[in-house]
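[1] only geometry, no sequence info:
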């Protein structure tokens, strides 16, 4: 019954308020675009390859090939022993099998969840993380680079806080005392914002085995300085001071490195322009790339399957699925300064990565792609378990070119070819591995730089380029709030006031009731002799003005004041983090720890308020104003109030419902499945709001937050409407019984 009511409500809303729906979406998109596009202009892609030696040929030598591993979101937890065991197997078996030059971990090293469901740093998880690396010989700054994720900062707003366990247990923590064995690492450095002890940017410079090429990796800490827990830290933040350090290091790498890659925890779509409001400072990964280009941005956070995107500034965004659930990791290779990668599951065997020719879906003008055309060999990394015996055969456009040969070093397999046989357009290369293990991989390639069709984006949180998800949610939620306030609450009341003052309201009401009568007769297939209304578009506008102008004053005042409050005044007040730090959250900003930050997370709460409180309450109030019309219509069609108790009358859809009552669209507030759907939506919204508040800020902030009391008052308002309706039904029952007694007396006479 409730499900049908919810479906009926939404279908009715879309049908009768199609114009409003279109305008809401349009306004939201425009507002999000305005907010998200600020400081975001995109130049032409810049070529940044710094070739130290152009007299190179991609043959069968491994000297200019290096590969590394990327992992994200391991979420080590003492409550998830299977996950911890899997991470240990990854470090002991997978890393040993892949034998990378180094490993990059892009955050959420631990889960940060306590036994009582509280989101705080758990020292036992950090100890497990560090011990796993130490036991497998991986706790080394020249081999393992780990950065913070949002789960690694719950309850730790400041870097020097004793709750910031990253400092003590992570490889790149300031107090971890991790060793530094160098190997092929040329240099490594940690940069902090002036006056702080943070790990703002980590610089990691590596050289190819031949020593001819150098590559720079720069990580940036994207964690907001709020110490909020789950659901309140969904979006990252590019700290202006950290952005300045990153920009300086990028510019330094331009003349000293062949290629540069940036890594962070949050994907681009989850990094809106979050600024310190009073200082007006802001930065984005895109604006940084605009000033100093880089090749790719590696990230995690979303826990979706792998997602890739070419940002308009010219760099590839490569999001990796999580290790927590999907057990994914990435093998990334530089082959003669041209990058390739493959995302694989932990137990996948073999793992095949074609490094030449490069996958044409990921072509970048920032690479020396001309080296593909002058190469003499097809090259691929084929990673297998020890003892595997394999044969690798190459097919191009369905034609076999022969079997690959092992280079004698690492995982490199090669096969001679002539790239000039494929001078134009996109072609398809397949490597089929057979033997003790088997696997087949294919990818498009091109010699002339033709880019293959863009892969289908999978992650919903990243399908934004100029406008991030935070911008979009904030824009749509606020646009909906303002639009509903204006079109359904303010304009109808102003319209009625003007009509009353000019003496035209009575005639307008009579005309609208005639249209309602025509609509109700259509629902019963009884429109004999009743003329259809005029233009349906005009009718829709008139219906909105008429219905919502008749909302009673007190419900109208409450809805208007509550909506204005949500947009202007605090939504949450109280201890907002695990340190019990008091703060205030508005629809547009957060004030905590003496700083005022642009806010995006409460866009979810405003959307809940819009869809699951404001609209249902507003429609219920309008339904309550229709009762006089329903009484007239039911009498015209021979219907009388039911001879059952008024509380039974609340339950719709039962056999005692009499013909003539349930077919009228403009009926009692209590005599409709749609009504119960609306009440259910309101209750669902309340539960979601309470859940969000408790998970994000803790139960302590619930009863201090105005949004909680606004929702409670909405239930009181609906309760009063229902009680008024019940009283009305009882009066109708008594009136009907009196009429029947009078008729019986007359008949006896």
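    Okay, I see it. All values derive from a computational prediction rather than experimental measurement. Residues are numbered from 1 along each chain as shown.
[2] how deep is residue 356 tucked in, by neighbour count?
    Here the count is done by other C-beta atoms under 10 Å, and residue 356 has 25 residues near it. C-beta coordinates here come from the backbone N, C-alpha and C atoms, glycine included.
[3] phi, psi for it please.
    phi -150, psi 120 (degrees, to the nearest 10).
[4] not including adjacent chain positions, what is the nearest residue to it?
    Using C-beta to C-beta, 6 or more residues apart in numbering and skipping residues adjacent in sequence, the residue nearest residue 356 is residue 379, 4.1 Å away.
[5] check which helix or strand covers the one you found.
    Assigned by DSSP states H and E, residue 379 belongs to strand 377-383.
[6] for that strand, packing partners?
    strand 65-71, strand 328-335, strand 351-356, strand 390-396, strand 412-416, strand 426-435 (3 or more C-beta pairs under 8 Å, 6 or more residues apart in numbering; DSSP states H and E).
[7] which neighbours does that strand have in its sheet, and in what orientation?
    Partners of strand 377-383 in the sheet, by DSSP bridges, are strand 351-356 (antiparallel), strand 412-416 (antiparallel).
[8] what stretches of the stretch 201-350 of the chain score poorly on pLDDT?
    226-232, 272-282 (pLDDT under 70).
[9] hey, where'd the strands end up in the stretch 1-150 of the chain?
    Applying DSSP state E, counting those that start in this stretch to the stretch 1-150 of the chain gives strands spanning 65-71, 103-105, 144-146.
[10] which residues sit against the second one?
    To tie it back to what came earlier, the one meant is strand 103-105. Strand 103-105 is touched from outside by 68-72, 74, 95, 138, 143-147, 217, 219, 263, 298, with contacts defined as C-beta atoms under 8 Å, 6 or more residues apart in numbering.
[11] can you give me the helices for the stretch 51-200 of the chain?
    With DSSP state H, counting those that start in this stretch as the criterion, the stretch 51-200 of the chain has helices at 81-89, 95-98, 123-135, 166-169.
[12] in JSON lines, list those along with mean pLDDT.
    Formatted as JSON lines, those follow (pLDDT from 0 to 100):
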{"stretch": "helix 81-89", "mean pLDDT": "95"}
{"stretch": "helix 95-98", "mean pLDDT": "94"}
{"stretch": "helix 123-135", "mean pLDDT": "95"}
{"stretch": "helix 166-169", "mean pLDDT": "92"}
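[13] will you turn the ones you listed into JSON lines that also has distance to residue 450?
    Converted to JSON lines, the helices of the stretch 51-200 of the chain look like this (distance: least, C-beta to C-beta, whole Å):
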{"stretch": "helix 81-89", "distance to residue 450": "40"}
{"stretch": "helix 95-98", "distance to residue 450": "31"}
{"stretch": "helix 123-135", "distance to residue 450": "43"}
{"stretch": "helix 166-169", "distance to residue 450": "45"}
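[14] export the helices and strands packed on strand 377-383 to CSV and tack on distance to residue 592?
    Output for the helices and strands packed on strand 377-383, formatted as CSV (distance: least, C-beta to C-beta, whole Å):
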stretch, distance to residue 592
strand 65-71, 32
strand 328-335, 35
strand 351-356, 45
strand 390-396, 57
strand 412-416, 53
strand 426-435, 52
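[15] select, out of these, the one closest to residue 89.
    Nearest of those to residue 89, taken as C-beta to C-beta: strand 328-335 at 11.7 Å.
[16] check which element follows the closest one along the chain.
    Taking DSSP H and E, what comes next after strand 328-335 is strand 338-345.
[17] touching that next one from outside, list them.
    By C-beta under 8 Å, 6+ apart, the surrounding residues in contact with strand 338-345 are 70, 259, 295-296, 306, 318, 320-321, 326-333, 351-356, 358-359, 362, 367-369, 371-372, 441.
[18] stretch 561-570 too?
    With C-beta under 8 Å, 6+ apart, stretch 561-570 has contacts from 478, 481-482, 484-485, 489, 584-587, 606, 609, 614, 705-707, 710, 713-714.
[19] can you map out the strands along the stretch 451-600 of the chain?
    Per DSSP E, counting those that start in this stretch, the stretch 451-600 of the chain carries strands over the ranges 572-575, 582-585, 589-592, 595-598.
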